[in-house]
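Novice: Need coordinates for the below:
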Amino acid sequence: MASGTGIWTNWAGTATAAPDVVHRPLTAEEIGAAVAAAAADGARIRTWGSGHSFTSIAVADEHAIDLSGYSGITHVDPATNEVTVRAGTTLRALNAALDAHGLAMVNLGDIDRQTIAGALSTGTHGTGAALGGLATQVSALELVLADGSVVRCSASESAELFAAARIGLGALGVIKTVTLRCVPSFTLAAREAPGRLADVLDRLDDDVKDNDHFEFYWFPHGETVLTKHNNRLPDGVPSKPLSRLRSWVEYDLIENRLFGAVCRAERAVPALVRPAQRLIAATLSERDYSDTSHRVFVTNRAVRFVESEYAVPHESLPDVLSELRRVVARLADPVAFPVEIRFAAADDVWLSTAYGRDTAYVAVHQYAGMPYREYFAAFESIAGAADGRPHWGKLHSLDAATLRERYPRFDDFLRVRAEVDPQGRFGNAYTDRALGA
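Specialist: Numbering: from 1, shown residues only. Alright, predicted model coming up:
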């Protein structure tokens, strides 16, 4: 099914599109028909997910595919815990469906608005020094290629396409289904506590090594951090979630409503940023609770922001933060949002930010509507000096020439792309810059 459209805007308001045609397939056959229609028009075609990327990676100026109607689990293998899911399924819907089967994803990020295909295509990840990003949990993909054929790829079938397509930037074809290696449902014990940056860095190696999932948020105009330690509980241990009242106070009232009000005040009067961060630091409290894994991983983010994130070698993190701290002190415009730091194990996915090396992720944010370009440019320079790789769905300015230097298998990816999409049917302005026209 195809139609005209108005203006599409992503969640952060950093990218817009006004495509000529929007396809809204409900079946696999309709996905193929959409690709064929674009080819007949000599047009390029891109898939929309939930619009949660901050870059213009999902922008479709000619033909667009909206897969929101093509969702749901299609197969569960109880012997292997592998689950096949349609590409338009959001992570939120997937987590609920996996719950019903007594299953879970072994690791997640803290946002569940993305579609599974969009999350994979941009390299979405969580935190955990022994764990990889979402792409490492994939055992097979089905793609509709530019010639209309449907190809299944895995480690044993079209292995090079699989190595490329698990994080394919939407540039290889339309993902039809994803097969995930899931695990039996599990409970996470969560401990969240305020602290000081110097103390966190002093014990960083132990915290990262000794916890299943460790991350921290640093408020960049001071020393305050919020640490998060999440660890799996043995089977059978009952969960102890926060009470409904405390959950509402901590997450809805303080982290969204109060924080949103503070950010609006800071945007109106930038001089309030530094005292406001001291106020926010004073509201942070210790939290100990346990719950079903995805309820601990995922956080509701109602306050809008823009974001840039770079993956740096794990051992480079202290120097990167030290340089970033010096830069923040000199900025003309203060920073209203904390810096988020997470960790991941090395993997073998060609365009993964963690390809071939244990990784620390540093994500910088700014409240929507506040100046961010000077801050993000300075951060990009710092991360670049540490051989940083940008998250594909978060703001960066790098082009193919620079990215080739940072990804050992970059040219292998381009070779596979040329084989499956020789005319660049699935490109857009973002892939022209990041991969080369």
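Novice: Counting neighbours, what do you get for L324?
Specialist: With neighbours defined by other Cβ atoms under 10 Å, the count for L324 comes to 21. No exception for glycine: its C-beta is placed from N, CA and C like everyone else's.
Novice: Next up, identify which helix or strand it is on.
Specialist: Counting by DSSP states H and E, the element that carries L324 is helix 317-330.
Novice: what does that helix rub up against?
Specialist: Under the contact criterion Cβ atoms under 8 Å, 6 or more residues apart in numbering, helix 317-330 has outside partners 197, 201, 204, 218, 220-221, 312, 335, 339, 341, 360, 362, 364, 375, 378-379, 382-383, 385-386, 388.
Novice: which of the residues you listed count as buried?
Specialist: Among the contacts of helix 317-330, those scoring as buried are 197, 201, 204, 218, 220-221, 312, 335, 339, 341, 360, 362, 364, 375, 378-379, 382-383, 386, 388 (criterion: 16 or more other Cβ atoms under 10 Å).
Novice: Please name the residues that touch F297.
Specialist: 107-110, 126, 188, 213, 230.
Novice: 7 Å instead, please
Specialist: Contact partners of F297, counting by Cβ atoms under 7 Å, 6 or more residues apart in numbering, are 108, 110, 126.
Novice: confidence score at it?
Specialist: Predicted confidence (pLDDT) for F297: 98.
Novice: repeat for the one 10 residues further on
Specialist: Per-residue pLDDT puts E307 at 98.
Novice: what do you get for Y367?
Specialist: We have a pLDDT of 96 for Y367.
Novice: do Q277 as well
Specialist: Listed pLDDT for Q277 reads 87.
Novice: Give me the secondary structure label for it.
Specialist: Here Q277 is helix, with the state taken from DSSP: H, G, I helix; E, B strand; the rest coil.
Novice: Chain neighbours aside, what residue packs nearest to it?
Specialist: Distance criterion Cβ to Cβ, 6 or more residues apart in numbering; nearest residue to Q277, sequence neighbours excluded, is F219 at 4.8 Å.
Novice: got it, and A189?
Specialist: Nearest residue to A189, sequence neighbours excluded (Cβ to Cβ, 6+ apart): S290, at 4.4 Å.
Novice: pLDDT averaged over the helix or strand where that neighbour lies - what is it?
Specialist: S290 belongs to strand 287-292 when assigned by DSSP H and E. Per-residue pLDDT values over strand 287-292 give a mean of 96.
Novice: Distance from the chain centre to the very next helix or strand once past it, please.
Specialist: The C-terminal neighbour of strand 287-292 among helices and strands, as given by DSSP H and E, is helix 293-297. Here helix 293-297 shows a centroid-to-chain-centroid distance of 16 Å under the convention Cα atoms, centre = their mean, to the nearest Å.
Novice: Which helix or strand in this structure has the lowest average pLDDT?
Specialist: Using mean pLDDT, DSSP states H and E, strand 2-3 stands out as the lowest-scoring helix or strand of the chain, at a mean of 56.
Novice: what's the very next helix or strand once past that strand packed up against?
Specialist: Beyond strand 2-3 in the direction of the C-terminus, DSSP H and E gives the next helix or strand as strand 8-9. The elements that strand 8-9 packs onto, with contact taken as 3 or more Cβ pairs under 7 Å, 6 or more residues apart in numbering; DSSP states H and E, are strand 16-17.
Novice: Nearest residue to A360 in space, please, no chain neighbours.
Specialist: The shortest distance from A360 to any residue that is not its chain neighbour, by Cβ to Cβ, 6+ apart, is 4.1 Å, and that residue is L317.
Novice: Tell me the pLDDT of that neighbour.
Specialist: 98.
Novice: With E255 instead?
Specialist: Here, the pLDDT recorded for E255 equals 86.
Novice: Contact partners for it?
Specialist: When the contact criterion is Cβ under 7 Å, 6+ apart, E255 has no partners at all.
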